[in-house]
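A.B. asks: Sequence and predicted structure below; questions after.
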Amino acid sequence: MKRYPACAFRAAIAALLMIAALTAGSLSRAAERPEKVSDFSLKDIEGKAVSLNDFQGKRVLINFWATWCGPCLDEMRVLRQVHDQWREKGLVVLLINMGESASRVRGYVRRYALSFPVLLDPNTELFVKLGVRMLPTSLLVDRDGTIVARKEGAFLSTENLEKEFIIPVFGKGKP
């Protein structure tokens, strides 16, 4: 009996996020109101705990997504390319899935050949804590844990992500 209210709640959240994802994305710099991300720990698709502190001293691109989100899936190729091009420069790409099972997410990780951490937020607690209102949403977190940029909506190309998100914040060199 308790399962139905939880399913209805997740379905309502999913519907709201899907509607928001269909609207145009927006990019905002967080410089006006710097916000720090507190350390969090989530399990990856293999059940291993991964913490934000595991990447201390690095810049982290956090992307919130779900398998039912079309724009999220369209963005996977872009995120994989950015990971491949910028990891040697110290940028970590971290995907956080909203409320889905490891078995469901694992298939998408294989399909898109993702080689960076994919974490699960089964109860959407981190989504709520960080004020994620739509999918996909990306956060660029500086070495000290400060959110320096936020984008709601998908990046359409690697060049788009670099031009709008990475280079304005970090320059063309090392992140």
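C.D. replies: That came in fine, so what should we check first?
A.B. asks: rest of the way, CA atoms for contacts and neighbours
C.D. replies: Fine.
A.B. asks: Could you tell me the end-to-end distance of stretch 41-48?
C.D. replies: Using C-alpha to C-alpha, to the nearest Å, one end of stretch 41-48 lies 10 Å from the other.
A.B. asks: neighbouring contacts of that stretch?
C.D. replies: 49-52, 102-103, 105-106, 117-121 (C-alpha atoms under 8 Å, 6 or more residues apart in numbering).
A.B. asks: and the residues you listed as a markdown table, adding distance to F165 and pLDDT?
C.D. replies: What follows is those, written out as a markdown table (distance: C-alpha to C-alpha, whole Å; pLDDT from 0 to 100):
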| residue | distance to F165 | pLDDT |
| --- | --- | --- |
| A49 | 28 | 98 |
| V50 | 24 | 97 |
| S51 | 23 | 96 |
| L52 | 20 | 96 |
| A102 | 29 | 97 |
| S103 | 31 | 95 |
| V105 | 26 | 97 |
| R106 | 27 | 96 |
| P117 | 20 | 96 |
| V118 | 21 | 98 |
| L119 | 22 | 98 |
| L120 | 24 | 98 |
| D121 | 24 | 97 |
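A.B. asks: who wins for most neighbours among these?
C.D. replies: For the contacts of stretch 41-48, counting by other C-alpha atoms under 10 Å, the largest number of neighbours falls to L120: 28 neighbours.
A.B. asks: Using the three-state scheme, assign it.
C.D. replies: Classification of L120 using DSSP: H, G, I helix; E, B strand; the rest coil returns strand.
A.B. asks: Surely it and E100 touch.
C.D. replies: Yes - here L120 reaches E100: they are 7.1 Å apart, a contact under C-alpha atoms under 8 Å.
A.B. asks: Now do the shared contacts for those two.
C.D. replies: By C-alpha under 8 Å, 6+ apart, no residue touches both L120 and E100.
A.B. asks: so how far is whatever helix or strand L61 lives in from its chain's centroid?
C.D. replies: Element membership for L61, per DSSP states H and E: strand 59-65. Put simply, strand 59-65 sits 4 Å off its chain's centre (C-alpha atoms, centre = their mean, to the nearest Å).
A.B. asks: still on that earlier bit, check the contacts of stretch 41-48 and tell me the two furthest apart.
C.D. replies: Greatest spacing in these, by C-alpha to C-alpha: L52 and S103 (22.8 Å).
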